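Novice: got a structure for you, letters missing:
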C-alpha cells in the first residue's frame, strides 16, 4: 500500500513538471542540457585554493551526536585533483601522503569528482522528479544511480577498502542550470565490510575567483554508520577561495615568489634535550581550536648551550594544534585534550627546525594564565604521553583537563623539550 502511494506521488510530480516547464523539454533533452552546461562549468574552473574546516561528530549506538574534534586544512584544486596542506604551510600533497589522512574520518571529492560522477553519462540512470523551491530558488530535482561496477565511490576503513555504487539526487537552478545541491548514499556495500550506511550532501554556490564567478562547494556533510552502530558525521565549510598559480608558493597571507621562497635563511641547530620556555601569542581552546591551526609563541627566556645563547628572548616559535578531543566517560563525566607541537624557531635572519614535546612535570605548573603568574595556583591540566610515530619513543605532546575544556590564553607559559 505504501509502495503504491509512493509511486503514485512520483508520477504526479513528473506530470506536474511536464505541464509547468516553460519550454516543455523532454526529460532526456533536459538532462543533456544540464550535463552540457555543467561540463562546461566544471572545465572552466581555474586552479584554485580554499580553506576547509571539518567539524567531526560521533555517537555511540542509541546516543546523541557530540562534537569530537575539528580539522582545518588548505586545499589546492589543480587540474581537478585535490591536494592538501596545513594552513599557511604551502606544501600541498595528495591526501594519502598527508598526516590528515591518519587523524580520523576524512573525505575527498567535494570539489570535483562527486559532481563529475553524478553528471557522467556512462552507466548513470537519470530520472527527472519534480520542480521544487530550494532556498528561495526555483529548481529541478533529478535522481540518479550509478552501479558499483562503474567504481564511482570508495570507502577505506583501517586497512580495508570497498568500492560501492551510489544512489542520489541533485537540484538544478531552473534558470541557469547550475547544480545547487547534491545528495547521495552508497549502495552495494560488500558483505563483511565494517560499514552499514554512508552518504554525503554538498551545496554549491558561485564564488568570485580572479575575474570570474565559478561554481564551488559551499558546505558539505559526510555520514557513516559502522557495523557496530557507531555513527560518525563530518560537517565541512569552505572559505578564502582564490586562484592558484603554479609558479608560486601558496600562503594564505599572500603569494610568495618561488625563487624568493627557495632562498631561505641560514639554519641553526638546537641539540636534543634542550628546554625552551615559551609564551603563547596565540590562544588555544580544546572546544574551539581545530587540528592544523597555527600557533605562535615567543621564547620567554634566553636559551643557552655551553654558555652561548642559541635562542634569544623574544625569538618566534611556530607550531600547530595536532589534536583536540573531548572524551565522555560514564562514571567521571568527560575530559578534554589538546595536542600542541612546535616545529620552527626564527632568530632574526636565521631559523631552527625543532621537534618538541611538552615537558612533563606532573601538574602542568608552567601552563599558567597571565593573571595567575604570581600565584601559587596552577591550572588543573596535565601532560599526556602519546606515541607520535611508529618506531619512535613516546613523548608528551598533549595537555588534558579532567575539569572541563583546555584553555590556554595569550601569555600562557609552556616548557618544551627538543627531541
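Specialist: Cool, the structure landed. Everything numeric in this text was worked out from a predicted model, so none of it was measured.
Novice: Skip the chain neighbours and tell me the closest residue to residue 311.
Specialist: The shortest distance from residue 311 to any non-neighbouring residue, by C-beta to C-beta, 6 or more residues apart in numbering, is to residue 303 (3.8 Å). To be clear about C-beta, it is placed using only N, CA and C from the backbone, and glycine gets the same treatment.
Novice: Let me know whether that neighbour touches residue 278 as I believe.
Specialist: No - between residue 303 and residue 278 there is no contact under C-beta atoms under 8 Å: 10.1 Å.
Novice: neighbour count winner among these two?
Specialist: residue 278 (27 against 20; other C-beta atoms under 10 Å).
Novice: Can you name the residues bridging to the more buried one?
Specialist: According to DSSP bridges, residue 299, residue 414 are recorded as the beta-bridge partners of residue 278.
Novice: same thing with residue 132?
Specialist: Beta-bridge partners, per DSSP bridges, of residue 132: residue 139.
Novice: which residue is nearest the middle of the protein?
Specialist: Nearest to the mean C-alpha position of the chain, by C-alpha atoms, centre = their mean, lies residue 54 at 3.9 Å.
Novice: where's that residue, which helix or strand?
Specialist: Using DSSP states H and E, residue 54 falls within strand 48-59.
Novice: List the buried residues in the helix or strand just after that strand.
Specialist: With elements assigned by DSSP H and E, the helix or strand that comes after strand 48-59 is strand 66-78. Residues 68-77 are the ones in strand 66-78 that count as buried (16 or more other C-beta atoms under 10 Å).
Novice: on that earlier part again, what's the angle from the strand holding residue 54 to strand 66-78?
Specialist: Using axes from the mean of the first three to the mean of the last three C-alpha atoms, to 10 degrees, the inter-axis angle of strand 48-59 relative to strand 66-78 is 160 degrees.
Novice: Does anything pack onto strand 48-59? Which helices or strands?
Specialist: Applying 3 or more C-beta pairs under 8 Å, 6 or more residues apart in numbering; DSSP states H and E, one finds that strand 48-59 contacts strand 66-78, strand 212-226, strand 231-243.
Novice: Buried residues, the second one. List them.
Specialist: By 16+ other C-beta under 10 Å, the buried positions in strand 212-226 come out as 214-226.
Novice: Tell me the one of these nearest residue 100?
Specialist: Checking the buried residues of strand 212-226 against residue 100 with C-beta to C-beta, the nearest one is residue 222 at 14.1 Å.
Novice: what ranges of this protein fall below the confidence cut-off?
Specialist: For the chain, the stretches with pLDDT under 70 are 1-26, 246-265, 328-334, 360-396, 402-404.
Novice: Domain map for it?
Specialist: According to automatic domain parsing, the chain comprises the domains 8-254, 264-418.
Novice: residue ranges for the helices of the stretch 251-400 of the chain, please.
Specialist: Assigned by DSSP state H, counting those that start in this stretch, the helices in the stretch 251-400 of the chain fall at 258-263.
Novice: does residue 129 really touch residue 139, like I thought?
Specialist: No - using C-beta under 8 Å, residue 129 is not in contact with residue 139, being 10.6 Å away.
Novice: Those two: which is more packed in?
Specialist: residue 139 (21 against 17).
Novice: What is the burial count for residue 192?
Specialist: Close neighbours of residue 192, defined as other C-beta under 10 Å, add up to 8.
Novice: for residue 348, that is, sorry about that
Specialist: Residue 348: 10 surrounding residues under other C-beta under 10 Å.
Novice: Distance of it relative to residue 311?
Specialist: As judged by C-beta to C-beta, to the nearest Å, residue 348 and residue 311 stand 11 Å apart.
Novice: Then residue 405 would be within a helix, right?
Specialist: No - read with DSSP: H, G, I helix; E, B strand; the rest coil, residue 405 is coil and lies in no helix.
Novice: mind listing what it touches?
Specialist: 285-287, 326, 336 (C-beta atoms under 8 Å, 6 or more residues apart in numbering).
Novice: tell me the two of those that are most distant?
Specialist: Applying C-beta to C-beta across the contacts of residue 405, the maximum distance is between 285 and 326, 11.7 Å.
Novice: Check the secondary structure at the closest residue in space to residue 77 that isn't next to it in sequence for me.
Specialist: Leaving aside its chain neighbours, residue 77 sits nearest to residue 111 (4.8 Å; criterion: C-beta to C-beta, 6+ apart). Using three-state DSSP, the structure places residue 111 in coil.
Novice: Verify the contact between residue 111 and residue 78 for me.
Specialist: No - the pair residue 111 / residue 78 is not scored as a contact, 10.5 Å apart, by C-beta under 8 Å.
Novice: Run through the bridge partners of the residue nearest to residue 45 when sequence neighbours are not counted.
Specialist: Using C-beta to C-beta, 6+ apart and skipping the chain neighbours, the partner closest in space to residue 45 is residue 214 (4.7 Å). Listed beta-bridge partners, residue 214: residue 207 (assigned using DSSP bridges).
Novice: how close does residue 214 sit to residue 182?
Specialist: In this view, residue 214 and residue 182 are 16 Å apart by C-beta to C-beta.
Novice: Repeat that for residue 92.
Specialist: Distance from residue 92 to residue 182, by C-beta to C-beta: 25 Å.
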